[in-house]
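> quick one: sequence and predicted model below, then my questions.
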Amino acid sequence: MNKQFTFTVNSICLDENYHPSDTTRITTNFANLARGSYRQANLRNALKMIDNSFNALAHWDNPRGDRYTVELEIISVNIDIAASGQAFPSIEILKTTIVDSKTNKRIDGIVGNNFSSYLRDYDFSVLLPEHNKDQAQFSIPTDFGELHGKLFKSFVNSDVYKQHFAKPPVICLSVSDNKTYKRTENQHPVLGVEYLPNESSLTEQYFQKMGLQVRYFMPPNTVAPLAFYFVGDLLNDYSHFELISTISTMGTFQKIYRPEIYNANAVAGKCYQPNLNNLDHSLTQIVYDRAERSQLASEQGKFAAEHFIKPYQAVLEQWSAHYA
């Protein structure tokens, strides 16, 4: 990156014994599950759902639907600020590994999947509301997402990333409930049917600054499209197993956190608008606090402001201005 900043990567296994670290955003999918009295049952049930989903999609030579298990690692990336000796928790992503019980082989999945960032909380929950506080009409700051995007690209292009991971990340998110998606004729054997949005969203523009483009697909056995953010060629750069590992992992999290969309009882039609007020949906056997989850985003944004933006503002601005 430069001598002022370096990235460090740590990993921890996400299994039923997982406890979130002190630096993990507690609104992150996996961390939110691992809290409270139901934490172990939550994790066990979610991991079982992921395995079931993977086996349903990887159905060839798998008559009993139990050949594969998906192992998850939480990848935590810190920015070490050399001049101060301090490290700030930059992002957290997930890495999948597929275990084949028939051959005893371990197969690399995809890195990315989930995406967690304190700086994104700052941008959306602190900076954006402040910018619009006295505005008659909603607008976006001119450099919105620039620093975050440059830091992410710097990490993905770093030697540290390349030492740990063979391919660029793929991040899988839910669709936006204020857009309409139209089904196309394009169909992929694993990703399913492609959908096109009626317009670009702020999230799309934000991820574009991270060097990521997006496509929307509704995989087999699912009821709504997922948003896949990637670098390069999503359909040809990744194997079927790699793509299935992402679909099964993130499709499971979306069923838990967005049941109105991803556990709906009706499948998305040719023209689809997600609805978070949809009552015709099923709930999973997994307990979480969605209200608390939304309230915490602003607290996490303030944490980023206090521990990263304000103390290192001059250094960050100088670095960002010279980042190529």
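All right, it came through fine.
> just the mean pLDDT for stretch 259-269, thanks.
Mean pLDDT, stretch 259-269: 94.
> buried residues in it, which are they?
By neighbour count on 16 or more other Cβ atoms under 10 Å, the buried set for stretch 259-269 is 259-264, 268. Where C-beta positions appear, they are placed from N, C-alpha and C, glycine not excepted.
> now swap in stretch 184-194 and tell me
188, 190-194.
> from the middle of its chain, how far away would it be?
Put simply, stretch 184-194 sits 21 Å off its chain's centre (Cα atoms, centre = their mean, to the nearest Å).
> and it, how far apart are its ends?
With Cα to Cα, to the nearest Å as the measure, stretch 184-194 spans 6 Å from end to end.
> coming back round to it: take the buried residues of stretch 184-194 and write them to JSON lines, including distance to Ser101.
Putting the buried residues of stretch 184-194 into JSON lines (distance: Cβ to Cβ, whole Å) gives the following:
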{"residue": "His188", "distance to Ser101": "26"}
{"residue": "Val190", "distance to Ser101": "21"}
{"residue": "Leu191", "distance to Ser101": "25"}
{"residue": "Gly192", "distance to Ser101": "26"}
{"residue": "Val193", "distance to Ser101": "31"}
{"residue": "Glu194", "distance to Ser101": "32"}
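> what kind of secondary structure is Asp121 in?
Three-state assignment for Asp121 (DSSP: H, G, I helix; E, B strand; the rest coil): helix.
> that one - how many residues pack around it?
23 (other Cβ atoms under 10 Å).
> what sits against it?
25, 297-298, 300-301, 303-304 (Cβ atoms under 8 Å, 6 or more residues apart in numbering).
> residues contacting Gln285?
Residues in contact with Gln285 (Cβ under 8 Å, 6+ apart) are 41, 45.
> that one and Phe308: what is the separation?
The gap separating Gln285 from Phe308 is 38 Å, by Cβ to Cβ, to the nearest Å.
> show me where the protein has strands.
Assigned by DSSP state E, the chain shows strands spanning 5-14, 68-81, 86-100, 105-117, 170-174, 181-188, 192-197, 213-218, 226-230, 271-272.
> would you list those in a markdown table and tack on distance to Ala46?
Formatted as a markdown table, the strands of the chain follow (distance: least, Cβ to Cβ, whole Å):
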| stretch | distance to Ala46 |
| --- | --- |
| strand 5-14 | 9 |
| strand 68-81 | 10 |
| strand 86-100 | 12 |
| strand 105-117 | 12 |
| strand 170-174 | 15 |
| strand 181-188 | 26 |
| strand 192-197 | 22 |
| strand 213-218 | 21 |
| strand 226-230 | 17 |
| strand 271-272 | 26 |
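> can you tell which of those strands is closest to Asn42?
Asn42 lies closest to strand 5-14 among the strands of the chain, at 11.8 Å (Cβ to Cβ).
> pull the residues that contact that closest one.
1, 18, 21, 30, 43, 47, 71-82, 87, 90, 94-95, 154-155, 158, 160-161, 164, 319.
> just the pLDDT at Ser154, thanks.
93.
> right, and it touches Tyr323 too?
Yes - the pair Ser154 / Tyr323 is scored as a contact, 6.9 Å apart, by Cβ atoms under 8 Å.
> quick revisit: among the contacts of strand 5-14, which ones are buried?
Judged by 16+ other Cβ under 10 Å, buried ones among the contacts of strand 5-14: 1, 18, 30, 43, 47, 71-81, 90, 94-95, 154-155, 158, 161, 319.
> so Ile97 bridges to which residues?
Not quite, residue 97 is Thr, not Ile. Glu71, Asp108 (DSSP bridges).
> so how far is stretch 280-291 off the chain centroid?
Worked out by Cα atoms, centre = their mean, stretch 280-291 lies 19 Å from the chain centre.
> could you dump that stretch to PDB, C-alpha only?
Extracted as PDB, the C-alpha positions of stretch 280-291 are listed here (Å, rounded to 0.1, in the frame of the first residue of the first chain):
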ATOM      1  CA  ASP A 280     -46.500 -14.600   2.800                       C
ATOM      2  CA  HIS A 281     -43.200 -16.000   4.000                       C
ATOM      3  CA  SER A 282     -41.800 -18.700   6.300                       C
ATOM      4  CA  LEU A 283     -39.400 -18.200   9.200                       C
ATOM      5  CA  THR A 284     -36.400 -20.300   9.900                       C
ATOM      6  CA  GLN A 285     -35.700 -21.900  13.300                       C
ATOM      7  CA  ILE A 286     -33.100 -19.300  13.900                       C
ATOM      8  CA  VAL A 287     -33.400 -16.400  16.400                       C
ATOM      9  CA  TYR A 288     -32.000 -13.000  15.800                       C
ATOM     10  CA  ASP A 289     -32.800  -9.300  16.600                       C
ATOM     11  CA  ARG A 290     -33.300  -7.400  13.400                       C
ATOM     12  CA  ALA A 291     -34.300  -4.100  15.100                       C
END
